[in-house]
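Chemist: I need the structure of the sequence given here:
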Amino acid sequence: MRFFRKSLIGLMMLSLCLGLLAYSGQMVGTALQERADNGKRTPKKRERMFTVNVVIAEPQSIAPIFQAFGEIQSRRTLDLRMAKGGQAVMISENFVEGGQVKAGEVLVQLRKLDAQSILARSVADVTDASAEVTEAQRALELSIDELQAAREQSDLLQRALARQLDLKKRGVGTSAAVENAELTASSANQLVLAKRSAVDQVKARGAQAETRLDRAKLAQEDARRGVEDTALIAEFSGILSGVSLVKGGLVSPNEKIGRLIDPDDLEVSVRISTQQYARLLNDDGRLIKSPAKVFMDVSGTDLSADAILNRESGSVGAGQTGRVVFAALKEPRGLMSGDFVTLNITEPLQNFVMRFPASAVNANDEILFIGDDERLKSQAVQVVRRQGNDILVRARGIVGKEVVAELTPVLGAGIKVKAVRSDGASKESEEPATVELSPERRARLIAAIESNGYIPDDAKKRIVKQLKMEKVPARVVERIESRMGG
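Modeler: Take a look at the predicted model:
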């Protein structure tokens with residue numbers, strides 16, 4: 001009995017060991033099978049989507065602006081030159097570099113004693129010429145009176161001759177008396193001729209006297225101008241530049257001693273291309289009064305002023321291209337003649353144009369916009385202007401469409417994209433971020449997570465907790481189903 005009992009116990013222990021070995025083998029086989037199945041699992045293939053920044057195509061009325069560079073110059077600039085030479089005996093306190101002077105102010109006074117002497121002599125010459133003219137007038141009056149007396153005497157003698165001829169005709173007079181009367185009448189006529197000649201001579205003398213008087217007056221005016229030319233007077237208010245004269249210095253005639261600049265009447269001379277110039281013409285081919293903005297960056301400080309185009313140069317210039325236009329500054333505060341500035345010129349208004357980033361148009365003047373199925377479509381556009389980082393275009397059929405703001409080599413027509421608008425919101429963000437699961441779908445997802453041996457236990461608990469919620473994040477559901485293969 002004891003042998004039989006021990007045999008039964010040994011048989012039971014052997015059966016138990018065999019069962020455990022079989023269970024262990026089954027577990028190892030299951031694990032190997034699960035691993036083999038996981039290695040063969042193929043994830044669900046999804047179409048790749050690209051995220052793109054988009055802008056809305058909205059037609060507008062825009063005045064294009066192009067940039068040019070030019071130099072500021074004064075519209076009123078005067079070279080200061082002395083008409084006469086001499087020594088500077090007086091210089092204004094404002095006659096210095098950068099000095100501000102007013103219109104009519106005496107800037108330089110030369111020594112004027114010699115000029116005053118010449119003026120005094122010219123005044124004396126005018127007095128002498130005036131006296132000579134007066135004397136010639138009195139002589140003319142006297143000569144006219146003498147001519148009148150000679151004519152009256154000639155008339156008397158002519159009547160005496162006629163009386164002698166009458167007496168001779170009646171036989172009373174003699175031939176000798178007639179001859180004497182004829183000789184006397186002839187002498188009287190000759191005297192009249194002499195007086196007439198004297199009158200003409202006196203008239204010529206008077207004309208010469210008047211001519212000398214006019215010359216004396218002209219000399220007097222020249223002398224007076226000579227005295228005035230010894231002083232340099234500012235013609236208008238402005239600022240002095242390039243001053244090169246000190247008190248006591250000698251000045252040559254027409255020597256440049258400075259420059260007077262009007263700081264309030266400035267303009268910008270800028271050279272633009274012929275194409276840009278053509279955009280600034282009206283229907284009559286005249287330059288329009290286009291507004292402009294002038295600014296200069298000085299170590300981070302911007303000096304700016306408003307301007308307006310007022311004229312263009314009459315010629316291109318030897319060896320030059322384009323056109324030179326001038327813009328008058330309205331309030332040139334801080335800007336000075338000689339500054340090199342930037343000029344933003346406003347072109348005429350362009351209607352029905354759309355503004356896009358320059359990166360939205362490719363080399364073939366085409367854009368990509370998002371269609372109804374979230375796929376890209378290509379559209380040719382007409383480029384109106386390129387200005388800075390923006391571009392103005394015209395196109396049909398894209399009004400209100402979402403246009404790709406930045407083109408890349410991977411983007412093309414037919415590609416599905418996700419739009420990101422300028423406010424940072426994408427089209428999918430408008431959809432719910434969570435989904436409601438049916439019981440069958442929920443159980444299937446939980447079973448997939450619990451049976452996955454590669455997920456840590458704490459991560460499993462967190463994911464299962466999310467799946468048991470009433471609304472599950474759509475991102476979590478999409479990730480799990482993509483790994484499940486369906």
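Chemist: Show me what the top helix by length along the chain is packed up against.
Modeler: Ranked by residue count, the top helix of the chain under DSSP state H comes out as helix 113-169. Helix 113-169 sits against helix 175-228, with contacts defined as 3 or more C-beta pairs under 8 Å, 6 or more residues apart in numbering; DSSP states H and E. Quick note: C-beta positions are derived from backbone N, CA and C, even for glycine.
Chemist: tell me the angle of the helix it packs on relative to helix 113-169?
Modeler: Here the directions of helix 175-228 and helix 113-169 differ by 170 degrees (axes from the mean of the first three to the mean of the last three C-alpha atoms, to 10 degrees).
Chemist: Secondary structure element holding residue 303?
Modeler: Element membership for residue 303 (DSSP states H and E) is strand 301-312.
Chemist: Run me through the strand neighbours of whatever helix or strand comes next after that strand, direction for each.
Modeler: Using DSSP H and E, the next helix or strand after strand 301-312 towards the C-terminus is strand 323-329. If you go by DSSP bridges, strand 323-329 pairs up with strand 266-272 (antiparallel), strand 301-312 (antiparallel).
Chemist: which one of these has the lowest average pLDDT?
Modeler: Among those, strand 301-312 carries the lowest mean pLDDT, at a mean of 86.
Chemist: just checking, which of the strands paired with strand 323-329 sits deepest inside the structure?
Modeler: Of the strands paired with strand 323-329, the one with the most neighbours on average (mean count of other C-beta atoms under 10 Å) is strand 266-272, at a mean of 22.
Chemist: returning to that earlier point: between the strands paired with strand 323-329, which one is closest to residue 283.
Modeler: strand 301-312 (16.7 Å; C-beta to C-beta).
Chemist: Dump that closest one to CSV, keeping only the CA atoms.
Modeler: What follows is strand 301-312, C-alpha atoms only, in CSV (Å, rounded to 0.1, in the frame of the first residue of the first chain):
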residue,chain,number,x,y,z
THR,A,301,16.7,108.9,-36.8
ASP,A,302,14.4,109.4,-39.8
LEU,A,303,14.1,112.9,-41.3
SER,A,304,11.2,113.1,-43.6
ALA,A,305,9.1,115.6,-45.6
ASP,A,306,6.3,115.6,-48.0
ALA,A,307,7.0,116.6,-51.6
ILE,A,308,5.2,116.9,-55.0
LEU,A,309,6.5,116.4,-58.5
ASN,A,310,6.4,119.7,-60.4
ARG,A,311,8.6,119.4,-63.5
GLU,A,312,11.1,117.3,-65.4
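Chemist: Just want the most central residue of this protein.
Modeler: The residue lying closest to the centre of the chain (C-alpha atoms, centre = their mean) is residue 343, at 4.0 Å.
Chemist: who touches residue 97 in this structure?
Modeler: 240-243 (C-beta atoms under 8 Å, 6 or more residues apart in numbering).
Chemist: try residue 133
Modeler: Going by C-beta under 8 Å, 6+ apart, residue 133 touches 206, 209-210, 213.
Chemist: Show the pLDDT at it.
Modeler: 83.
Chemist: what about residue 351, which helix or strand?
Modeler: Per DSSP H and E, residue 351 falls inside strand 350-357.
Chemist: returning to what we had before: pull out the buried positions in the strand or helix carrying the residue nearest to the centre of the chain.
Modeler: Under the criterion of DSSP H and E, residue 343 resides in strand 340-346. For strand 340-346, the buried set under the neighbour-count rule, 16 or more other C-beta atoms under 10 Å, comprises 341-346.
Chemist: Which residues does the strand holding residue 303 contact?
Modeler: With C-beta under 8 Å, 6+ apart as the test, strand 301-312 has contacts from 267-268, 277, 280, 287-296, 323-335, 343, 345.
Chemist: Which members of these are classed as buried?
Modeler: Buried by 16+ other C-beta under 10 Å: 267-268, 277, 280, 287, 290-294, 296, 323-329, 332, 335, 343, 345, out of these.
Chemist: show me the contacts for residue 395.
Modeler: Going by C-beta under 8 Å, 6+ apart, residue 395 touches 57, 354, 367, 379-382.
Chemist: Filter these down to just the buried residues.
Modeler: For these, buried by 16+ other C-beta under 10 Å: 57, 354, 367, 379, 381.
Chemist: Residue 154: what's it in contact with?
Modeler: Applying C-beta under 8 Å, 6+ apart to residue 154 gives the contacts 185, 188-189, 191-192.
Chemist: Take those residues and write them to CSV, including distance to residue 97, neighbour count and pLDDT.
Modeler: What follows is the contacts of residue 154, written out as CSV (distance: C-beta to C-beta, whole Å; neighbours: other C-beta atoms under 10 Å; pLDDT from 0 to 100):
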residue, distance to residue 97, neighbour count, pLDDT
185, 90, 21, 75
188, 85, 20, 75
189, 84, 14, 79
191, 81, 18, 78
192, 79, 19, 77
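Chemist: how about low-confidence regions in the protein?
Modeler: Within the chain, the stretches with pLDDT under 70 are 1, 3, 35-46, 168, 172-173, 298-301, 422-433, 454, 482-486.
Chemist: And it, split by domain according to the record?
Modeler: What automatic domain parsing lists as the domains of the chain is 51-63+350-430, 114-228, 432-484.
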